[in-house]
Structures are given as C-alpha cells and as structure tokens.
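[1] 3D model of this:
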Amino acid sequence: MNTKKHILDLSVAQVRELSAGYVEIHLRAADGKMPEMLPGQFVQVRVDGSPETFLRRPISVNLLTRTGAEGGACCDATGNDGAADELWLLVHAVGDGTRALARLQAGDTLNIVGPLGNGFTLPAEGADARPLLVGGGVGTAPLLFLGQELAARGVRPTFLLGGRREADIMQLEHFRRFGDVALTTEDGSAGERGFVTQHSLWRDAAYTQIYTCGPKLMMVNVARMARERGIPCEVSLENMMACGLGACLCCVENTVDGHVCVCTEGPVFDAKRLNIDH
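    Residues are numbered from 1 along each chain as shown. Model prediction:
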C-alpha cells in the first residue's frame, strides 16, 4: 500500500487557528501538484526556527484539496478531476516543535518527507458499505481525509467525534461535507455527554467497518466494541516516532505477530493484530 516517498519544500498558503493550541496549515507545492497520498498516511515535518527541536515531527495527512474555479481551496474529493494542489495538516501545539509549526505564516517554507506508512483499507467502489469513523482530539485529523476518499467512492460515512468540550472538536464544517456527524463531549457542551464509546449510535450494529484514531484508551475500547459486534476495525496508532522510516525503532508496537515498527507496518493496523486485551 505504500506510495512513492518524496522530500518536498512546500509553501505555506494559510495558517488557521481553529481553537486554543490547534492550527490548520495549508501547504502548496511549487508545481501546483501534490504527490499521491492515501488516507491514514503521514508526513515527517522538519521544524525550522526551534533550536531545541532536532527531529522531524510526524503529522497525519489531514486533507488534500483542489482549487476551485475562483481560486479558493475547497474540499471536493481529489478523484473528481486529477491531482490535488493543497495538503492540510492539523497541528496541536504542545511542545517546542509543534509550537514552532503553529507560528508559521503564509509565504514560509515547510520541508516534508512523505507520504509515509500504510493507510486505511478502502471499500471497493460501488460496495454496499456503511463505515463508522471514530475519532478523539487531534486523532480526528486522518479521518477527515478518509471521509473525503469514501465520499469520492460514493460511500457516505458516519463520523463519531469526541472531545472534552465543544472547542476541542474541530473542522466540523468539513466533516459535514462528507458524511453524517455525531458528537460527544465530556462536559456535555456539544452532542451527547460522555465518551465516544457511550454514544447512543452504538445501539445500531449495522456498520460494515469501523475506523478509529485518537487517544490509546479510546481506540482500545472502540476495538473491543467492534470485536463484540463482529465488525471489522482498523486502528491508526500514534506511537512516538523519530525517523519515520523504521530505522530508529522508537515506535515499536507489540502485536500478535511480534514487535513491529508503527511507522512502516502501520500506522494503520487491523485491530485483530493488536494486543488490545493486555
């Protein structure tokens, strides 16, 4: 499933602050075309202007867009008319490196390596699919791109997104372009009160596939619920990474097949491969 890897200097087209500590970075290539990328893959971003940051930061591909007739970026599925021309990254500024990325401005240059890793398994075009995409926190980022690609195949997904409070759930206007959206917040400020695993839509067992990304405990519980219902489940892990190429062994995960590097074997895994009961 791996696509060809590139080292690219991309131009920052826009930086949008979505909520306190969260920014959406829009990047463009010099030739106007991004390389092929798959939902669930990630890029390794070089952090300039941060003397304390020596390693690249792994960031999920949030979205690929194409420019509309009037020059504005839109969220149409890339399959409509060829190559995408913008790459979006959702960054949570929690350390020196990500805070430096959040300070980027339009016109700056960002160097990336990617796309890296393996992505989500997509249903065949025309398949009778009813997927449920479950995300929490910044883990919702790759699910937006996945939803875009599902929509391009004629599949309307259901998104189940959770956060501590309403402000923690971002990009809702884009999620709603591609599917139906259900929300949970721990304080009850949006959607149903509680965690994503407590939402009432779990009473519906008709989903054909579950995809999840977010905090580890959330993903473990989602995978268990999928297993109990006999629904296939894919999990996108967010292990700490350094090289992103399988050389440093920083992101190793203990699976039923032994220890594997998440950056090369994943980050997306069939939940059956993971030791979710340990």
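
[2] from the chain's centre, how far out does the lengthiest strand in the chain sit?
    In the chain, with assignment by DSSP state E, the single longest strand is strand 6-19. For strand 6-19, the separation from the chain centroid amounts to 16 Å (computed by Cα atoms, centre = their mean, to the nearest Å).

[3] Need the contact partners of it.
    Strand 6-19 is contacted from outside by 23-30, 35, 73, 86-87, 90, 102, 104-115, 167-168, 170-171, using Cβ atoms under 8 Å, 6 or more residues apart in numbering. Every C-beta, even on glycine, is put in place using the N, C-alpha and C of the backbone.

[4] tell me what the strand or helix carrying E173 is packed against?
    Assigned by DSSP states H and E, E173 falls within helix 172-178. Under the contact criterion of 3 or more Cβ pairs under 8 Å, 6 or more residues apart in numbering; DSSP states H and E, helix 172-178 touches helix 141-152, strand 158-163.

[5] so the longest one versus strand 158-163, what angle?
    So that's helix 141-152. Helix 141-152 runs at 160 degrees relative to strand 158-163, counting by axes from the mean of the first three to the mean of the last three Cα atoms, to 10 degrees.

[6] What mean pLDDT does helix 141-152 get?
    In this model, helix 141-152 has a mean pLDDT of 96.

[7] What is it packed up against?
    strand 57-60, strand 63-67, strand 131-136, strand 158-163, helix 172-178, strand 209-213.

[8] Can I get the helices and strands packed on helix 172-178 in a markdown table including mean neighbour count and distance to P51?
    A markdown table is the format used below for the helices and strands packed on helix 172-178 (neighbours: other Cβ atoms under 10 Å; distance: least, Cβ to Cβ, whole Å):
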| stretch | mean neighbour count | distance to P51 |
| --- | --- | --- |
| helix 141-152 | 26 | 27 |
| strand 158-163 | 25 | 33 |
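
[9] In helices, which of the contacts of strand 6-19 fall?
    Among the contacts of strand 6-19, the members found in helices (DSSP state H) are A102.

[10] what's in contact with stretch 117-126?
    So stretch 117-126 is in contact with 1-2, 38-42, 129, 131, 142, 146, 149-150, 153-155, 208-209, 211, 234, 236, 244, 262-268, going by Cβ under 8 Å, 6+ apart.

[11] ok so, going back, the longest strand of the chain: which residues count as buried?
    L8, L10, V12, A13, Q14, V15, L18 (16 or more other Cβ atoms under 10 Å).

[12] No further questions, thank you.
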